[in-house]
Each structure stands twice: as C-alpha cells, then as structure tokens.
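Student: Provide a 3D model corresponding to the input given below.
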Amino acid sequence: MGRNRVPTANVSRLRLIVIQALVFSLLATLGVRLFYLQVRHGDAYQAAAASQSKREVTRQPVRGIIVDAQGRPMVTNRSAWVVSLDQGVLDGLDEEDRKVLIERVAKAVDVSPKKQQDAINNWSGTRYQPVPIATDVSESTALRILEQPEDFPGVVAEKQTLRSYPRPNGINAAGILGYLSPITEDEDKNARERGDESLNNTSMVGRAGVEKEYDQWLRGMPGYDTVTVDSLGREIGRGDSVASQPGDTLVTSIDSKVQGRAEKLLSESIDTARNTFDKITGRNYEADSGSVVVMEAQTGRLVAMASQPTYDPKEWVGGISQKQLDRLYSEKAGYPLLPRATQGQFAPGSTWKPFMTVGALNNGYTRDTQLDCSSGLQVGNRWFKNYESKPYGMLTFAEALELSCDTFFYRIAVKYWQKYGSNPADVNAKDPLVETAKKFGFGKRTGIDLPGESAGRIADRKWKAEYYEAMKGYYCRMDEKKNAPTQFLQLFSHEFCVEGNYYRTGDAVNFSIGQGDTMVTPVQLARAYSSLANGGTLYEPRIGKAIVSGDGTVVEKIDPKVAGKVKMSSKSIDYVNEALLGTPRSGTLAWKFGGFPVDEVKVRGKTGTAEVTGKQTTGWVATYNKKYVVIMTISQGGTGSGAVGDAVRKLWESLYGVEEGGGEVRPKKAAIKGIDPPKNLPGFESDGSIVPPKD
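Tutor: Residues are numbered from 1 along each chain as shown. Presented below is the predicted three-dimensional model:
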C-alpha cells in the first residue's frame, strides 16, 4: 500500500514562516524593553550607572587639641606619611602573590613580614579600614607606592593627621590624657543606627582619659570628596565635596608646671623607696606603684594628677605592637594602663582618722574628751597594738591626730560596737563611724570626668555579709577537703566558713584607723580633705574647664559641680582643721617640714601607714590649706612621712615659690604665678596662638 507524502517545498516554506515569526517576536520584545529602559526609565538608570562610577572618599577631621589651664598645648596634631594594607585586596590575592607583595612592602618601608602580619592580627578596627603598618614614612617612599600601584596592590600611602605630645614642662600625663585607637565594627554599626554622622568606619576613637571623656567634642565632623573612577577603579575626575569640621579644643584645669613637678617627685620617691631597706621584711621596699593628686580645695578642679607605673601615650600613635600591648597589660610591669589616682584602691591608714574624729565629735564625744593612748588594747582574744607599740598617756583628739595614736581610736570603735552592734550577725546595726565615712563620699565614685573610676570600698557589716555569701562556697570546700596550700590558709578557711559573716569588735577597731578591708582611691581621699578645707562641700572632681571652638568661642563652660554637703557640725570640722595644723609643726610630719613657712602657708596634714597582709606597708601623706589639697601615696613604700614626706613638702614649695629647704613665700616664683589657680580661660588669638589667662 502506498504512503502519502508532503511535498518538500511546502515543508521548507512552513519552517521559514515559523522562523520569521520567532525572529519578529524577539525583535518586538527587545524593542519594547529598549523603550522601557531608555524612554520610560532612562533617567533613573543613567543616574544609577553614574553612581556606580562614583565613590565618596571620607575626609577625616582634624581632632581638637588639649591644653592646660595656661593654654600650653598638651596634645596637638601633626602630619605624617602612613603606609597601610587594605585587607580586602590582600584577601583576594592568591598565597604566592600575597607573599611577594608583603616582601616587597617590607623592603620599601623596612617593616618585616611578621610585623605586618602582627599588625593585621592585632587590628581592632573595621575591615574597611586599611591597617597601618608604618608611620613617618619618607615622602619619596610614599610617592613610589602611589606611582606604582601595579606593584603595590592594596597598599595605601597617605598623609594622615596623628596625635602629637609636646610635653610642656616634661609632663607625661598619660592617665589624664588617654589615647586613641580605631573604631570597632560594633561601634561603627551603633553609630550608624543612632544617626551619629561624626563617626565612620575609619574613625579614631578616644579610649581612656579625657580623650574618651570628651571624645564627642574633640573628634569633629568628617567631610567627603566625590571622585569618579573607571572600571579599574582609577580616579578620572572629581565631583562635589564637603569640608570636614575640626574638633573643638579642650581647656583643662591641669597646670603643666605643677604636673611635671608632681610626676618627677613621685618617680624620685619610688626610686628612693626601692633603695631603702625594710627592717620588718629584711629586704628593700618594693614600691610597686604610687599616685599623687593636687586639687583646688574650693572647687574640686584637678591641678595635677599622676600615677606610677605609667606609659607613653605616643605608643598608641599609628598602631601599637603586640609586644607593647603585652607590656601595658603585664603584671610584671605593674599594669601601666591602670591609673592609680582614680582606679587604684588602697587602705587609707591613719589618713582616715580626721574623718573618724568628725564622726566621734558628732556622736557623743567632745573637744575636751581625753582617752588613753596605751601601747595596745586587748579586744577579745587579740591584742591590737599602737604603731611601734608606743604609749603616750591621756590625749585629746587634737593630740591623738598629731601623734597618730591608734589605741585612742580603738577605744572609740569598741565603745560604739558595744553600744550599737554587739550582735555580730546584725547587718543593720548602727555605726556612727561607718555613717561618717559615707557622708565624706567614701565607698562610691566621685564623679570625676574620667572613665573607669573605682568606687573604693567601705568594709561595713553589709559588705562583710555580701562577701561571705560570695566566697563561702570556695572556702568551705577548702575547709572540708583540707587541701589549703598553707597552714594559715587552712585555718583561715575554717574560720571563714564558720563565722565569716560576723562583724566583730576587731573589724570595728580596724575600720577606725583605716586598716582591714576598707579601700579608697587617691582622688577620693583628696576630695574628702578638700571638704575639710572648704567647710564641708563635696565636689565632683573636674579636669575639663571649657570647650572652645577653633575661632576662640567658648562652646561650653565646665563649671565645678557640687556632689553633696557633709552634714556634720561645722564646729567639729573647724576643730579638726585646727588640730591638723600640728602635724607638720610638731607631729608625724614635722621632721620633713622643718624650716617651711607654716605660719604663712598654714599647711595642715595627716600621715598614714597602712598594713596589708602579705605585703609591705603603704605610705600616705595628705595635706591641705584653703587653696590646695596635696595627696601622695606609695604602695609597699614604707611609712607615710618616710616614703613621700619630702616630695609633698617640695610640691608645696613649688606651689608657693618657696626656695627648696625653706625661706619666704614668693608668689612670682610660684609654679602658678600669683599662687592662685586662674579663674579665667586662656586667650585664643586670630592667628592661632594661645595666650595665658588674664586674671
């Protein structure tokens, strides 16, 4: 049977028609799409294409400077060539190309591949920021990198503004000034979320000191340049730009002359202590740390403040190495990053007694009270001795302060304990001495304009109960397992486990003379003594004095702030002020103040020697008059007058222009001319110069 066949010509014609239809359909679709893109939305896509070829380059602002009360610059800025590595570009290179690049950079800027990698590993900023690996690079090297981008992909050479430290009068002031480091990714994210345009992913941020406290004023406002780039990322043109706004100037109350003198005297005192033999321990004093504070008594402003050990703020400029960072956090180096004046906590020793005197005079005792200054006092099963076991017989409060008698204050503490708190488990028992310490601001932060301040500690009944709850598990397990490393610790763990929450008479006795677990910071103690000088006002200590714009306009005055009033009888404070005049004249400080014009300057004072279990004694000297408070302490440095008495006297000589060793007051020779701290601000001239205040 035959099969029907379709003619070949008809099949070819049908295929051609189908193909033509498909082509026409595609052309029609393409035409509609082109019309949509070019006519209906042409402007939008043209703008989008243009934006893809433009980049915004951030112009970081010049950070504000920091000056002392006389207008002397303590922190300024300088320009330097900095070479950095772009992590994003480096991550895109294969291992061999990256190795070749790193070695080429090492030869160019004299920074080893290891140090480059360490810089990347230690980088705390965002991944968008190039990581600095070399600062103060020569201009010829920087230009070579810029002119040969094909040889240095991902290597950034740019002139940056870096922090500079002129060190007027040789100051260090690290604990006051602080330092900068790159913004972190979290900080950058938080800034964007709250709409803070003063920060961006390449910002440098204050991390400590006034650099952190006043960062929002110092940082300024970034600007930007709009640049056009080709497909290879090369700049081919420039567009709009917004100028950056420089940061404001911070005027402080610090006087660099007094600051420099205080730092030098503290350092010398520590060196002297380390070369002094301690008869009790049979070795030289360790003198592991120390601090000095000079405060305006009537305002709470800081004139000088220093700590040892310390660090050089320049270490942070341009990035810090791992070795440097390890040292700053090192126990062996004494934790240089820890500013002892505000974060160091020490037993106050006998510098505590003036406040205990005020408390006693407001709670049943009188100025005519006399108590026995015996060589020791039996309290329960323990003998509490007078310092060096010396007896002085019957004394008044004034005499007890002048001679720093311990047993005099023991008797007061015992009487109050028997009257109000004989139940050792009663955490709410009244204690006039504890209440007085709190009124003078101890046990809480002073509110100083520095970050990270410590609160100190008042070791009262509530603190002891809380400490017991926190530690009983540890010590009770040790007691139960009998695995303490020493016999003393085994005995202590048993006693603590059984009755560690009891506030006994011995605790009250220790509290009365600034021993035991009570801790203060040097700035807390300085503030408390300033309240004695000014009639009972507690100020929040201040370093900042004013924020000033680039044209000299005062943006914000930082006035002294009252934190509270010591609600005590003014007569009791007056009595203590009169009594403490005797310390540098005929008391425990007299051997250091011989020949000093005490009748004219009227320095009051109290020495302190704090005993710390397992350590050598900590020495204190606290002095003041109507104008200034001068406090100095050295941990494990010996007795107060022995460790720092000479240094404190020399500071007073500097403040009043007294020749070293004695003589008359010479206001024109004083560290602060005229002796009084300036009330006005420095002058900011139109030519950029700064002149001293006109008081």
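Student: low pLDDT regions in the stretch 201-350 of the chain?
Tutor: For the stretch 201-350 of the chain, residues meeting the criterion pLDDT under 70 lie at 230-235.
Student: show me where it has helices.
Tutor: Counting by DSSP state H, counting those that start in this stretch, the stretch 201-350 of the chain has helices at residues 209-213, 215-218, 256-274, 322-328, 340-343.
Student: and what of the stretch 1-150 of the chain?
Tutor: 8-35, 42-52, 87-91, 95-109, 113-121, 139-147.
Student: ditto for the stretch 551-695 of the chain
Tutor: 570-579, 583-586, 598-601, 640-656.
Student: Measure how far the third one is from the centre of its chain, please.
Tutor: Remark: helix 598-601 is offset 35 Å from the chain centroid, using C-alpha atoms, centre = their mean, to the nearest Å.
Student: Buried residues in that helix, which are they?
Tutor: For helix 598-601, burial by neighbour count (16 or more other C-beta atoms under 10 Å) applies to Val598, Val601. In this view, the C-beta of every residue, glycine as well, is placed from N, C-alpha and C.
Student: try the first one
Tutor: If you call a residue buried by 16+ other C-beta under 10 Å, then helix 570-579 has these buried ones: Ser572, Ile573, Tyr575, Val576, Asn577, Ala579.
Student: residue ranges with poor pLDDT in the stretch 351-500 of the chain?
Tutor: Regions of the stretch 351-500 of the chain meeting the criterion pLDDT under 70 are absent.
Student: what ranges do the helices span in it?
Tutor: Assigned by DSSP H, counting those that start in this stretch, the stretch 351-500 of the chain shows helices spanning 353-361, 397-403, 406-420, 432-439, 461-481, 487-499.
Student: export the ones you listed to TSV and tack on distance to Lys669 and mean neighbour count?
Tutor: As requested, those are arranged in TSV below (distance: least, C-beta to C-beta, whole Å; neighbours: other C-beta atoms under 10 Å):
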stretch	distance to Lys669	mean neighbour count
helix 353-361	31	25
helix 397-403	31	23
helix 406-420	40	22
helix 432-439	39	20
helix 461-481	48	15
helix 487-499	54	15
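Student: could those go into a markdown table alongside distance to Asp368?
Tutor: Listed next are the helices of the stretch 351-500 of the chain as a markdown table, based on distance: least, C-beta to C-beta, whole Å:
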| stretch | distance to Asp368 |
| --- | --- |
| helix 353-361 | 11 |
| helix 397-403 | 9 |
| helix 406-420 | 14 |
| helix 432-439 | 19 |
| helix 461-481 | 31 |
| helix 487-499 | 39 |
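Student: Quick one, which of these gets closest to Asp326.
Tutor: helix 461-481 (29.8 Å; C-beta to C-beta).
Student: Report the inter-axis angle for the closest one versus helix 487-499.
Tutor: Interaxial angle of helix 461-481 relative to helix 487-499 (axes from the mean of the first three to the mean of the last three C-alpha atoms, to 10 degrees): 120 degrees.
Student: Determine how far helix 461-481 lies from the middle of the whole chain.
Tutor: Mean C-alpha position of helix 461-481 versus that of the full chain (C-alpha atoms, centre = their mean) differs by 32 Å.
Student: what packs against that helix?
Tutor: When contacts are defined as 3 or more C-beta pairs under 8 Å, 6 or more residues apart in numbering; DSSP states H and E, helix 461-481 sits against helix 487-499.
Student: helix or strand right after the helix it packs on?
Tutor: Note on helix 487-499: by DSSP states H and E, the next helix or strand toward the C-terminus is helix 505-512.
Student: For that following helix, which outside residues touch it?
Tutor: 352-353, 356, 377, 379-380, 382, 384, 409-410, 412-414, 416-418, 421, 431, 433-434, 459-460, 464, 516-518 (C-beta atoms under 8 Å, 6 or more residues apart in numbering).
Student: ditto for stretch 113-133
Tutor: Contact partners of stretch 113-133, identified using C-beta under 8 Å, 6+ apart, comprise 82-88, 90, 99, 102-103, 105-106, 109, 111, 156, 181-185, 188, 201-202, 318-322, 325.
Student: Can you tell me which of these are buried?
Tutor: Among the contacts of stretch 113-133, those classed as buried by 16+ other C-beta under 10 Å are 82-87, 90, 102, 105-106, 109, 111, 156, 181-183, 188, 201-202, 318-320.
Student: Put together a markdown table for the helices of the stretch 201-350 of the chain, with distance to Phe440 on each row.
Tutor: What follows is those, written out as a markdown table (distance: least, C-beta to C-beta, whole Å):
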| stretch | distance to Phe440 |
| --- | --- |
| helix 209-213 | 25 |
| helix 215-218 | 32 |
| helix 256-274 | 24 |
| helix 322-328 | 34 |
| helix 340-343 | 17 |
